[in-house]
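# Output the structure for:
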Amino acid sequence: MDWSQHSVPAMRLEPRFGDRVVPVFCERPKSIPAMVAEAVATNPDGEALVCGATRMTWREVALQSAQIAAGFQKLGLQRGDRVALLLGNRIEFVLTMLGAAHAGLVTVLLSTRQQKPEIAYVLTDCGAKLLIHEAMLADRVPDAGEIPDVMHWIAIDDDPRISRFAELADNTPLAAPIEVGEEDTAMILYTSGTTGRPKGAMLAHCTIIHSAMVFVSCLKLTAADRSIAAVPLGHVTGVVANLMTMVRCAGALIIMAEFKAAEYLKMAARERVTYTVMVPAMYNLCLLQPDFDRYDLSSWRIGGFGGAPMPIATIEKLDAKIPGLKLMNCYGATETTSPSTMMPGELTASHIDSVGLPCPGAQIVVMDADGRELPRGEIGEIWIHGGSVIKGYWNNPTATAESFTAGFWHSGDLGSIDEENFVRVFDRQKDMINRGGLKIYSAEVESVLAGHPDVVESAIIAKPCPVLGERVHAVVVTRNAVSGEVLRAWCAERLSYYKVPETMDLRTDPLPRNANGKVMKRQLREAASAISAAAQASASR
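Residues are numbered from 1 along each chain as shown. Coordinates of the predicted model:
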């Protein structure tokens, strides 16, 4: 099974990044500015951006982006220079990023969750010439001596009278975009760095455009569609699945500064939202709102999700409350410029354990430890190849060589592919638990826990054991008072005995997440080890 039944534009094989041959769309924009120009031609006076009281058309977005591009040139920035953004979800994020592309610059996306040492490392590693940051985050900006390449700093304040951003935009528009190649880097997004220093994934114009075209064709998006950016725009999901996808279809992007379920429902109803991509916990939090049924969400037709399995209970509740909403699992990573697989909405409920079918142009294989392809149904590491896979990591040829083989990216995820081509992801290689020789995939246990009505989210981690090597420990975020015994009984009815968590940490505060929104299991493991060590020390006294 594949996406051939959908109206996917024609594709052909082409060389890319020197030694690769990948399927690409025959007809496509050759750069981000070209994609913006097509949006203007398609829907010049249609809404493009909505943020608070500000509303902009595609014509206005293109004009202001060209003005900002001229501002960059006035600062002396030249094609290929890096511009770093330390911005939350706001219109200036979009205009600056599109303006940088117009000027042939590379945008480096920082997370507002990052702290000064992390920011200093990224700015130094990428050699950014300009840092644009929220005025309220000035205390996170490293000292000039720590970031010698940075020549300019621009603060953005909500008060336009004191915001330096106005100077950047107050210029005669740069008439024509600076010419770039399809394979030129457009953005650098730093990976989470869970096992060391983060790596700068280089997203080229061609990989971004390919991903946006995949979303538009598979989801049948048009200029009439309206998407909420509820996840951070500085993450690959926000910038590609939301922003760049709306550029491609010339639809409207409604920018939400910070996700709050109550506000999301108001915004989705008021703006007649049709499409978004969020994590499953966000959908659950929306359903928990006592006034959910007050809102008219009938226009909402596509709900993408990723990062965790969607509990079947959540699917059933949303189906009952919003019959026209199709929930679609989207699996990908920064290194694949977002989607590698998507689940057709009509198949989500019947294939709840799958992340979907390979996207158009994506080749997915399952490999053993020696790099040999495994038969259908067997579990191994997922490798991904195709038009959206990045060319490598910035300034890091060693990491690139370790993570890519002949254009295939080694995902680090353990999974399988069945005879019908559906992909399943069981766990990260480093997160799999080995309990006395029995393998336990944390995603399976987390999915079962997610089905309990009192569970918001959970993380399954290994707890060291001198006898079995590792045992199953659960960190569970609950919404009501519920005991570990009740949750273990819930799991015992649905899982083999050895997969049931033997110990649990129940909490009401959210799980710790890194700048890309992924749960920081290493931090949870370290906290659990510290508690265990303290308990052993106390017992030995």
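
# From now on I want contacts and neighbour counts done on CA atoms only, so please keep to that.
Noted.

# From the centroid of this protein, which residue is nearest?
Nearest residue to the geometric centre of the chain (CA atoms, centre = their mean): T237, 3.1 Å.

# Wait, a helix at that residue?
Yes. The assignment for T237 (DSSP: H, G, I helix; E, B strand; the rest coil) places it in a helix.

# tell me the contacts of it?
T237 makes contact with V231, V277, S338, according to CA atoms under 8 Å, 6 or more residues apart in numbering.

# Quick one: neighbours of G436, just the number.
13 (other CA atoms under 10 Å).

# any idea how far V467 is from it?
With distances taken as CA to CA, to the nearest Å, G436 is found 8 Å from V467.

# Ok, G361 next?
Distance, G361 to V467, using CA to CA: 47 Å.

# which one of the two has more residues nearby?
Neighbour count, other CA under 10 Å: between G361 and V467, G361 has more, with 21 against 9.

# host element of the residue nearest to the more buried one when sequence neighbours are not counted?
Of all residues beyond its chain neighbours, the one nearest G361 is P23 (5.0 Å), with distances taken as CA to CA, 6 or more residues apart in numbering. According to DSSP states H and E, P23 maps onto strand 20-25.

# Rounded mean pLDDT for that strand, please.
Averaging pLDDT along strand 20-25 gives 96.

# Over to stretch 472-483?
91.

# May I see the buried residues of it?
V472, H473, A474, V475, V476, V477, T478, R479 (16 or more other CA atoms under 10 Å).

# would you turn those residues into CSV with distance to N396 and secondary structure?
Below are these laid out as CSV (distance: CA to CA, whole Å; DSSP: H, G, I helix; E, B strand; the rest coil):
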residue, distance to N396, secondary structure
V472, 36, strand
H473, 36, strand
A474, 36, strand
V475, 35, strand
V476, 37, strand
V477, 37, strand
T478, 41, strand
R479, 43, coil
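
# Which of the residues you listed sits closest to L63?
Checking those against L63 by CA to CA gives V477 as the nearest, at 46.1 Å.

# from memory G361 sits against V389, does it?
No. Between G361 and V389 there is no contact, the gap being 10.3 Å when judged by CA atoms under 8 Å.

# Give the bridge partners for the residue nearest to G361, please.
According to DSSP bridges, the partner residues bridging P23 are L13.

# which residues touch it?
Residues in contact with P23, defined by CA under 8 Å, 6+ apart, are M11, R12, L13, E14, G361, A362, G386, G387.

# I only care about the residues you listed that end up buried; give me the ChimeraX line for that.
A single ChimeraX command is used to select the members of the contacts of P23 judged buried by 16+ other CA under 10 Å:
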select :361,362,386,387
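
# Reformat the contacts of P23 as CSV; add distance to V180.
Conversion of those to CSV gives the following (distance: CA to CA, whole Å):
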residue, distance to V180
M11, 22
R12, 22
L13, 22
E14, 18
G361, 23
A362, 25
G386, 21
G387, 18
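
# still on that earlier bit, just checking, next helix/strand downstream of the strand holding P23?
Beyond strand 20-25 toward the C-terminal end (DSSP H and E), the next one is helix 32-42.

# list the helices and strands that next one packs on?
Using 3 or more CA pairs under 8 Å, 6 or more residues apart in numbering; DSSP states H and E as the contact test, the elements touching helix 32-42 are helix 58-74, helix 91-102, helix 205-219, helix 245-249.

# ok, residues contacting that helix?
Contacts for helix 32-42 (CA under 8 Å, 6+ apart): 29, 58-59, 62, 98, 101-102, 177, 205, 209, 223, 247-250.

# Need the CA coordinates for that helix. CSV is fine.
C-alpha atoms of helix 32-42 as CSV (Å, rounded to 0.1, in the frame of the first residue of the first chain):
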residue,chain,number,x,y,z
ILE,A,32,12.0,29.3,-0.5
PRO,A,33,11.6,32.8,-2.0
ALA,A,34,10.3,31.2,-5.2
MET,A,35,7.7,29.3,-3.1
VAL,A,36,6.7,32.6,-1.4
ALA,A,37,6.4,34.2,-4.9
GLU,A,38,4.0,31.4,-5.9
ALA,A,39,1.9,31.9,-2.8
VAL,A,40,1.6,35.6,-3.7
ALA,A,41,0.6,34.7,-7.3
THR,A,42,-1.9,32.2,-6.1
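
# between it and helix 205-219, how many degrees?
With axes from the mean of the first three to the mean of the last three CA atoms, to 10 degrees applied, the angle from helix 32-42 to helix 205-219 works out at 40 degrees.

# The helix or strand just after helix 32-42: partners in the sheet, and parallel or antiparallel?
The C-terminal neighbour of helix 32-42 among helices and strands, as given by DSSP H and E, is strand 47-51. Strand 47-51 has the following strand partners under DSSP bridges: strand 54-57 (antiparallel), strand 252-255 (parallel).

# And whatever helix or strand comes next after the last one, what's buried?
Scanning forward in sequence from strand 252-255 by DSSP H and E, the next helix or strand is helix 261-270. By neighbour count with 16+ other CA under 10 Å, helix 261-270 contains the buried residues A261, A262, Y264, L265, K266, M267, A268, A269.

# can you put the residues you listed in a markdown table and add distance to G345 and pLDDT?
Below are these laid out as a markdown table (distance: CA to CA, whole Å; pLDDT from 0 to 100):
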| residue | distance to G345 | pLDDT |
| --- | --- | --- |
| A261 | 23 | 94 |
| A262 | 25 | 96 |
| Y264 | 22 | 97 |
| L265 | 21 | 98 |
| K266 | 24 | 97 |
| M267 | 23 | 97 |
| A268 | 20 | 97 |
| A269 | 21 | 98 |
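
# Next, format these as CSV and append distance to G412.
Supplementary listing: these in CSV, determined by distance: CA to CA, whole Å:
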residue, distance to G412
A261, 32
A262, 36
Y264, 33
L265, 36
K266, 39
M267, 37
A268, 36
A269, 39
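
# Can you name the two of those that sit furthest apart?
A261 and A269 (12.4 Å).

# intersection of neighbour lists for those two?
Counting by CA under 8 Å, 6+ apart, A261 and A269 have no shared contacts at all.

# Domain ranges for the chain, per the record?
Annotated domains of the chain cover 29-423, 432-540 [automatic domain parsing].

# re earlier: could you provide the contacts of T237 in a markdown table, with additional columns for secondary structure?
Below are the contacts of T237 laid out as a markdown table (three-state DSSP):
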| residue | secondary structure |
| --- | --- |
| V231 | coil |
| V277 | strand |
| S338 | strand |
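
# could I get the residues you listed as a markdown table with pLDDT, distance to A34 and neighbour count?
Output for the contacts of T237, formatted as a markdown table (pLDDT from 0 to 100; distance: CA to CA, whole Å; neighbours: other CA atoms under 10 Å):
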| residue | pLDDT | distance to A34 | neighbour count |
| --- | --- | --- | --- |
| V231 | 92 | 26 | 25 |
| V277 | 95 | 25 | 24 |
| S338 | 87 | 21 | 25 |
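
# Which single one of the residues you listed is nearest to P510?
Out of the contacts of T237, the member with the shortest distance to P510 (by CA to CA) is V231, at 15.7 Å.

# where in the stretch 101-250 of the chain is pLDDT low?
160-163, 192-196 (pLDDT under 70).

# Counting neighbours, what do you get for A530?
12.

# And it, how far from Q115?
24 Å.

# Now, of the contacts of helix 32-42, which are buried?
Among the contacts of helix 32-42, the ones that count as buried by 16+ other CA under 10 Å are 29, 58-59, 62, 98, 101-102, 177, 205, 209, 223, 247-250.
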